[in-house]
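**Q** test case, fold it:
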Amino acid sequence: MPHEVSGMLLYAWTDEDEIPEFEYRMSGNRIAARTLNLDGDFDSIRAQLDDIAGEYLGAERIG
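**A** All right, here's what the predicted structure looks like:
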């Protein structure tokens, strides 16, 4: 029985010209790379993580 898996590389955001933001499917498996802006207070970082969780895990945003 085939299984589908998902994976994500989460990078700290930098001021580089190339930012790894992509998603693709390989043999039905979801592979993604995202960046997280750590230049802010905890609430803004948490909001970014909540948005990522909601997008990829179907979770509702907390708080």
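**Q** going forward, measure contacts and count neighbours with C-alpha atoms only.
**A** Fine.
**Q** what about I31, how many residues nearby?
**A** Neighbour count for I31, taken as other C-alpha atoms under 10 Å: 15.
**Q** find the nearest non-adjacent residue to it, please.
**A** Nearest residue to I31, sequence neighbours excluded (C-alpha to C-alpha, 6 or more residues apart in numbering): G7, at 5.0 Å.
**Q** surely that neighbour forms part of a strand?
**A** Yes. With DSSP: H, G, I helix; E, B strand; the rest coil as the criterion, G7 is part of a strand.
**Q** quick check, it in contact with G28.
**A** No. Counting by C-alpha atoms under 8 Å, G7 stays clear of G28, with 11.9 Å between them.
**Q** so who does the residue nearest to I31 touch?
**A** G7 makes contact with R30, I31, A32, according to C-alpha atoms under 8 Å, 6 or more residues apart in numbering.
**Q** let's see it at 10 Å
**A** Residues near G7 by C-alpha atoms under 10 Å, 6 or more residues apart in numbering: E23, N29, R30, I31, A32, A33, Y56.
**Q** of the residues you listed - the most surrounded one?
**A** For the contacts of G7, counting by other C-alpha under 10 Å, the largest number of neighbours falls to A32: 17 neighbours.
**Q** elements contacting the helix or strand hosting it?
**A** Per DSSP states H and E, A32 falls inside strand 29-36. Packed against strand 29-36 by the contact rule (3 or more C-alpha pairs under 10 Å, 6 or more residues apart in numbering; DSSP states H and E) you find strand 6-12, strand 22-26, helix 42-57.
**Q** so what strands line up beside it?
**A** If you go by DSSP bridges, strand 29-36 pairs up with strand 6-12 (parallel), strand 22-26 (antiparallel).
**Q** got the CA coordinates for the first one in PDB?
**A** Which is strand 6-12. Provided in PDB are the C-alpha atoms of strand 6-12 (Å, rounded to 0.1, in the frame of the first residue of the first chain):
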ATOM      1  CA  SER A   6       5.300  15.600   3.300                       C
ATOM      2  CA  GLY A   7       8.600  17.400   4.100                       C
ATOM      3  CA  MET A   8       9.700  20.900   4.600                       C
ATOM      4  CA  LEU A   9      13.000  22.700   5.000                       C
ATOM      5  CA  LEU A  10      12.500  25.800   7.100                       C
ATOM      6  CA  TYR A  11      15.200  28.500   6.700                       C
ATOM      7  CA  ALA A  12      15.800  31.700   8.600                       C
END
